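>>> Can you look at this prediction? I've put the sequence above it.
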Amino acid sequence: MGKIAIFGGSFDPVHNAHIQMAHLSLQIKDLKKIIFTPAFSPPHKNKVLTPHIHRIKMLKTASADLEKTEINLYEIEKSGVVYSYQTLDYFQSIYPSDEIFMLIGSDSLKSLKTWAKIDYIASKYNFIVVKRGNDEIGQDLEFLSRCLIVKEAADGISSTQIRNLILSGKDASPFLNKGVYTYIKENKLYGYGKNL
């Protein structure tokens, strides 16, 4: 039996911290692979996402050099809101002999209690948690006993911050894979070029 990590999110756009989180998690003993699972419509976010064809292409570009990773379109193909417990159950049905984890940032760890059926998730699954920036993980957090904490931290940048940088005409390239940034420019995503 090995470990499989499900890395869900909007990836709008995928940025260096996402890739750092995956890279750092690969150091966990017995971790077979990480499965990126882009959302069609995330339950916690009230916004329209960039069309998934763009988000998937950027994710493929950014993760191309990562070992033991793949992209799965389960949530995209559902064409609606899919909750984490549904995604985890789906992958557990595919990999019945493996231990399924959800890969999250320390920011998400603090809001786990708002997730749909979190008690069910915590009774059946575990989390791999990567610290984001200077974020500290308090020892009194609920569900901490269900977590594997990665020692090293990833950058604290967020997709929202990157979209805002691009929209305001500022340079977001330090936070993005070179190919991803080129793709954003070529396709004029996130308002690229409007304020240059």
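Great, that's in hand. Numbering: from 1, shown residues only.

>>> so how far is residue 6 from the closest residue to residue 137 other than its chain neighbours?
Nearest residue to residue 137 in three dimensions, chain neighbours excluded: residue 106, at 5.3 Å (Cβ to Cβ, 6 or more residues apart in numbering). From N, CA and C alone the C-beta is placed, and that goes for glycine too. Taking Cβ to Cβ, to the nearest Å as the measure, residue 106 and residue 6 are separated by 17 Å.

>>> next one: residue 114
From residue 114 to residue 6 the distance is 19 Å (Cβ to Cβ).

>>> And residue 160, by the same measure?
Residue 160 is 22 Å from residue 6, by Cβ to Cβ.

>>> which of those two has more neighbours?
Taking neighbours as other Cβ atoms under 10 Å, residue 160 and residue 6 compare with residue 6 leading, 23 against 12.

>>> was I right about the more buried one contacting residue 99?
No - if you go by Cβ atoms under 8 Å, residue 6 and residue 99 don't touch, sitting 11.4 Å apart.

>>> Let's see the pLDDT reported for residue 194.
At residue 194, the model reports a pLDDT of 79.

>>> I'd assumed residue 168 was in contact with it.
No - between residue 194 and residue 168 there is no contact, the gap being 9.2 Å when judged by Cβ under 8 Å.

>>> residues contacting the residue nearest to residue 137?
129, 130, 131, 132, 135, 136, 137 (Cβ atoms under 8 Å, 6 or more residues apart in numbering).

>>> Give me the pLDDT for the second one.
Okay, so that is residue 130. In this prediction residue 130 is given a pLDDT of 97.
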